[in-house]
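J.: Using only what follows, build the 3D model:
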Amino acid sequence: MAAKNLPPTYDKIAHHEVFPETTHDEKARYNFLANLNKHLAHVSQGNAVAFKNRVQPKFKEEHGRDFENKDELGDAMAKDMHYQTWSALRRCTMEMRQQAGRSLTYRQAMELKEKVDKLNEGKSSLVLDDEVSPPPYLMAVDNHIMPGSYHTELFEGDVSNAANYDGGLFVTSQGLLGKLSDGGGKAISQWVRDNHPEFQPKRILDIGCGMGHNTLPLAKMYPDAEVIGIDTGRPMLRYGHARAMALGYDNVKFMQVEASKMPFEDESFDWIQTTMFLHETGGKSIYNIMREIYRCLAPDGLTMHIEQPQYTDDMTMYEKWIRDWDAYNNSEPYWSKMHDIDPKELMVECGFNGDTFMQIGAQAINDLDDGTQKADEPEDHGRSPIWNVFGAWKK
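T.: Residues are numbered from 1 along each chain as shown. Next up is the predicted model:
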């Protein structure tokens, strides 16, 4: 009988021509970390118990009142032993995941570059622009504690960080994003097809496409459409384009473009998408990007945005605080800002009609689920492939 509630093993995920090669020991490290992350999702449930039974009563006794804000709550929780243990272990899993991923991609960095160059050679569907660079708010952050984030090249043509990201998503998601880590893109494209079968987009834009793992499901669902993925990280674009070529896609184009000032004509896309992108933008950029989306979206066009759940009025202060763990401990400083935004107000302010606003829940389509993964697993805030999806039609 198969064991219950264990992540799929690393050998079950799909490989493609530019996927990094792994030794037996490297696979074992990834398997250990995926299982540790899954275990910590259960350990995390004890934080709520510690808060209710120890931290909150002690604070009320000492101050004669309840917490007034998340900062007070966080300072008090930081002194609790259970939280300290869980938080330290969770941070360690991210550091170990980066250490494991970097070691295996760095040792084959030149081979990966050569594979990518071969697949990209002479292709007009990869457009890099020396005039475009990552915005300052991205340059200031090593997202997910990945040294150099999405944009750094250790040498000309380096794609090791992109390959690290591709292989390591299995660890963070415990395999719940599927064989190609594309469960998010599959979920939203399937939802649109099921709920709006009359909608047949001819031109689709994926903003912040990274290595294209959520771009390709759009291209597969709508094979007659022209699909463009944009990003500012050159390693991601090179690797993502080569990955698409290796997987047999011919209707996808990857371009180096800054999302707040896109070179596309007004009303030139039928569908504009972001997937776990907006929470990595800083300051006013979310609004600038949404205004650009409105400008570039055709009449009767659709925009959809997959993100972590927003704050809601029925959320306790504790839940809002625990959902922001990544902002303070996983190099995601803009995460809290995105949680705090009212998505409908954001879209209305940027030009959309509030009457067309929609908000749904979505769970990754996981083609690795063999029946041993139960649906009643506790939510691991910021890790579970369960998202808030919001968007609107341009009317």
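J.: give me the low-pLDDT residue ranges for the stretch 201-350 of the chain?
T.: The model of the stretch 201-350 of the chain has no residue with pLDDT under 70.
J.: Kindly recompute the last result at 90.
T.: 276, 282-284, 307-315, 333-341 (pLDDT under 90).
J.: Now do the helices in it.
T.: In the stretch 201-350 of the chain, the helices defined using DSSP state H, counting those that start in this stretch lie at 216-221, 234-246, 285-296, 317-323, 325-329, 335-340, 343-349.
J.: Output these in JSON lines; the columns should cover distance to residue 253 and mean neighbour count.
T.: C-betas here are computed from N, CA, C, even on glycine. What follows is these, written out as JSON lines (distance: least, CB to CB, whole Å; neighbours: other CB atoms under 10 Å):
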{"stretch": "helix 216-221", "distance to residue 253": "10", "mean neighbour count": "24"}
{"stretch": "helix 234-246", "distance to residue 253": "8", "mean neighbour count": "27"}
{"stretch": "helix 285-296", "distance to residue 253": "15", "mean neighbour count": "20"}
{"stretch": "helix 317-323", "distance to residue 253": "35", "mean neighbour count": "19"}
{"stretch": "helix 325-329", "distance to residue 253": "31", "mean neighbour count": "18"}
{"stretch": "helix 335-340", "distance to residue 253": "27", "mean neighbour count": "18"}
{"stretch": "helix 343-349", "distance to residue 253": "26", "mean neighbour count": "17"}
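J.: would a markdown table of the ones you listed with distance to residue 172 be doable?
T.: Formatted as a markdown table, those follow (distance: least, CB to CB, whole Å):
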| stretch | distance to residue 172 |
| --- | --- |
| helix 216-221 | 19 |
| helix 234-246 | 17 |
| helix 285-296 | 23 |
| helix 317-323 | 16 |
| helix 325-329 | 11 |
| helix 335-340 | 14 |
| helix 343-349 | 24 |
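J.: Relative to residue 227, tell me which of those helices wins on proximity.
T.: In terms of CB to CB, the element of the helices of the stretch 201-350 of the chain nearest to residue 227 is helix 216-221, at 4.3 Å.
J.: Keeping just the C-alphas, turn that closest one into PDB.
T.: Included here for helix 216-221 are C-alpha records, laid out as PDB according to Å, rounded to 0.1, in the frame of the first residue of the first chain:
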ATOM      1  CA  LEU A 216       3.100  27.400 -21.900                       C
ATOM      2  CA  PRO A 217      -0.200  26.100 -20.700                       C
ATOM      3  CA  LEU A 218      -1.900  29.200 -22.200                       C
ATOM      4  CA  ALA A 219      -0.200  28.400 -25.500                       C
ATOM      5  CA  LYS A 220      -1.300  24.800 -25.300                       C
ATOM      6  CA  MET A 221      -4.900  25.600 -24.500                       C
END
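J.: Show me how far that helix is from its chain's centre.
T.: Between the centre of helix 216-221 and the centre of its chain there are 17 Å (CA atoms, centre = their mean, to the nearest Å).
J.: Repeat that for stretch 232-251.
T.: Per CA atoms, centre = their mean, the displacement of stretch 232-251 from the mean C-alpha position of its chain is 17 Å.
J.: Could you measure from the nearest residue to residue 335 once chain neighbours are set aside over to residue 147?
T.: In space, residue 335 comes closest to residue 327 once its chain neighbours are excluded; the distance is 4.0 Å by CB to CB, 6 or more residues apart in numbering. Distance check for residue 327 against residue 147: by CB to CB, to the nearest Å, it reads 19 Å.
J.: ok, the residue nearest to residue 351 when sequence neighbours are not counted - contacts?
T.: With CB to CB, 6+ apart as the criterion, residue 351 has its nearest non-adjacent residue at 3.9 Å, and that residue is residue 294. For residue 294, the contacting residues are 303, 350, 351, 352, 394, by CB atoms under 8 Å, 6 or more residues apart in numbering.
J.: Quick one: closest of the helices of the stretch 201-350 of the chain to residue 58.
T.: Evaluated over the helices of the stretch 201-350 of the chain, closeness to residue 58 peaks at helix 317-323, with 14.3 Å, by CB to CB.
J.: Can I get the closest one as CSV, trimmed to CA atoms?
T.: Output for helix 317-323, consisting of C-alpha atoms alone and laid out as CSV, is shown next (Å, rounded to 0.1, in the frame of the first residue of the first chain):
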residue,chain,number,x,y,z
MET,A,317,-4.8,39.9,12.8
TYR,A,318,-3.0,36.7,13.5
GLU,A,319,-3.8,35.2,10.1
LYS,A,320,-2.8,38.4,8.3
TRP,A,321,0.5,38.3,10.2
ILE,A,322,1.3,34.6,9.6
ARG,A,323,0.6,35.1,5.9
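J.: Which strands or helices does that helix pack on?
T.: Packing contacts for helix 317-323, counted by 3 or more CB pairs under 8 Å, 6 or more residues apart in numbering; DSSP states H and E, involve helix 45-50, helix 70-77.
J.: what residues does that helix touch?
T.: 44, 47-48, 51, 67, 69-70, 73-74, 77, 308-309, 311, 339, 381-382.
J.: hmm, which of those residues are the buried ones?
T.: Restricting the contacts of helix 317-323 to buried positions leaves 44, 47, 51, 67, 70, 73-74, 77, 308-309, 311, 339, 381-382, with burial counted as 16 or more other CB atoms under 10 Å.
J.: which one of those residues sits closest to residue 191?
T.: residue 309 (16.7 Å).
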